[in-house]
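> curious how this folds, go ahead:
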Amino acid sequence: MDKINYSCNHEHPIREGVIMTNFHRTMLMMLMMLSGFGLALSSAAQAQNAGSPDNAAMAALFKADQAVRAGIRPEQTVDRAFVTKMIADDLQRRVAARKLLEAEALHSAEDYYAAAYIFQHGSTADDYLLAHSLALAAIARGKADATWIAAATLDRYLQKIGQKQIYGTQYITAKATGPTMEPYDPTIVPDSLRAALGVPGRKEQEARLQKMRAMVPTPK
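Coordinates of the predicted model:
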């Protein structure tokens, strides 16, 4: 009995080892085939997205969004009438952009890039988080310069939920303090990463902040 058991215990691992080796080889081949198939689908999807025409309605919303901000002066940021109208117009653009998004009418990198800006000019944490996701979609579809808006939307989201921005893309003109970047923790992200994402470095950020403060004196 002991001998028989020993023989069985000795022989079976050898046979099982052969079986398992062949099984692993088969599984590896299947995984490689599935991986290649997945990559092929991904490449096909990217090619299809790259060739997708831009949504004209989304482009018009983006153009209007940028037009109101073109050449905006620092003092206008504390002009109640100007800010009130801009906020109301921004809301209308977000409603329209949301309808396009839910209708699956956005496909190209430019579509998602434009939508990211529309929702970045929202008012809630959800707006900013959606804007960040839209920016990532634009990057995934080949929009390399969408990296800045991806960073900016994350900064804005962090500040909205009571955390500190990390890239330094947000400048706020507050009645109590004047122009500020606070809350801001500049130590988390090095300037090399800011540069990789198209975000100005700390020296340039500070220079811009001082320029803004010179144009809009700090309230006393």
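> which parts of the protein are strands?
172-174, 178-180 (DSSP state E).
> tell me which strands and helices the first one is in contact with?
Taking 3 or more C-beta pairs under 8 Å, 6 or more residues apart in numbering; DSSP states H and E as contact, the helices and strands that strand 172-174 lies on are strand 178-180. The way it works is simple: take the backbone N, C-alpha and C, and place the C-beta from them, glycine included.
> buried residues in stretch 202-218?
In terms of neighbour count (16 or more other C-beta atoms under 10 Å), stretch 202-218 has its buried residues at 205, 209, 212, 213, 216.
> check stretch 165-180 too.
165, 166, 167, 168, 169, 170, 173, 178, 179, 180.
> any idea how far residue 136 is from the closest residue to residue 53 other than its chain neighbours?
In this structure, residue 53 finds its nearest non-sequential neighbour in residue 108, 6.8 Å apart by C-beta to C-beta, 6 or more residues apart in numbering. Distance from residue 108 to residue 136, counting by C-beta to C-beta, to the nearest Å: 15 Å.
> which of the two has more neighbours?
residue 108 (21 against 18; other C-beta atoms under 10 Å).
> my guess is that one meets residue 59, correct?
No. The pair residue 108 and residue 59 fails to qualify as a contact (C-beta atoms under 8 Å) at a distance of 9.8 Å.
> if I look at residue 156, how far off is residue 178?
Taking C-beta to C-beta, one finds residue 156 at 19 Å from residue 178.
> swap that for residue 124, sorry
Using C-beta to C-beta, residue 124 is found at 25 Å from residue 178.
> and what of residue 97?
Distance, residue 97 to residue 178, using C-beta to C-beta: 32 Å.
> show me where pLDDT drops low in this structure?
Applying pLDDT under 70 to the chain flags the ranges 1-51, 217-220.
> what about the helices in it?
Using DSSP state H, the helices of the chain run over 2-50, 56-67, 80-102, 109-120, 125-140, 147-160, 191-196, 202-215.
> now the second one against helix 80-102, angle please.
Here helix 56-67 runs at an angle of 160 degrees relative to helix 80-102 (axes from the mean of the first three to the mean of the last three C-alpha atoms, to 10 degrees).
> helix 56-67 versus helix 109-120: what angle between them?
For helix 56-67 against helix 109-120, the angle by the same axes, to 10 degrees is 50 degrees.
> equivalent analysis for the last one, please.
What separates the directions of helix 202-215 and helix 109-120 is an angle of 50 degrees, with the same axes, to 10 degrees.
> ok, back up a step: if we compare the strands of the chain, which one ends up closest to residue 53?
Residue 53 sits nearest to strand 172-174 of all the strands of the chain, at 37.4 Å, using C-beta to C-beta.
> can you list the strands that that closest one pairs with?
For strand 172-174, the paired strands and their directions (DSSP bridges) read strand 178-180 (antiparallel).
> how far does the strand it pairs with sit from its chain's centre?
26 Å (C-alpha atoms, centre = their mean, to the nearest Å).
> same check, this time on stretch 141-160
For stretch 141-160, the distance to the chain centre is 4 Å (C-alpha atoms, centre = their mean).
> name the residues of that stretch that are buried.
141, 143, 146-160.
> with just CA atoms, put that stretch into PDB.
C-alpha atoms of stretch 141-160 as PDB (Å, rounded to 0.1, in the frame of the first residue of the first chain):
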ATOM      1  CA  ARG A 141      -8.400  60.600 -29.100                       C
ATOM      2  CA  GLY A 142      -5.200  62.300 -29.900                       C
ATOM      3  CA  LYS A 143      -5.700  65.900 -28.700                       C
ATOM      4  CA  ALA A 144      -2.300  66.400 -27.200                       C
ATOM      5  CA  ASP A 145      -2.900  70.000 -26.100                       C
ATOM      6  CA  ALA A 146      -5.900  68.900 -24.000                       C
ATOM      7  CA  THR A 147      -3.400  68.100 -21.200                       C
ATOM      8  CA  TRP A 148      -3.700  71.700 -19.800                       C
ATOM      9  CA  ILE A 149      -7.500  71.500 -19.500                       C
ATOM     10  CA  ALA A 150      -7.200  68.100 -17.900                       C
ATOM     11  CA  ALA A 151      -4.900  69.600 -15.200                       C
ATOM     12  CA  ALA A 152      -7.100  72.700 -14.800                       C
ATOM     13  CA  THR A 153     -10.300  70.800 -14.400                       C
ATOM     14  CA  LEU A 154      -8.700  68.600 -11.700                       C
ATOM     15  CA  ASP A 155      -7.400  71.800  -9.900                       C
ATOM     16  CA  ARG A 156     -10.900  73.300 -10.000                       C
ATOM     17  CA  TYR A 157     -12.500  70.100  -8.800                       C
ATOM     18  CA  LEU A 158     -10.100  69.900  -5.800                       C
ATOM     19  CA  GLN A 159     -10.700  73.500  -4.800                       C
ATOM     20  CA  LYS A 160     -14.500  73.000  -5.100                       C
END
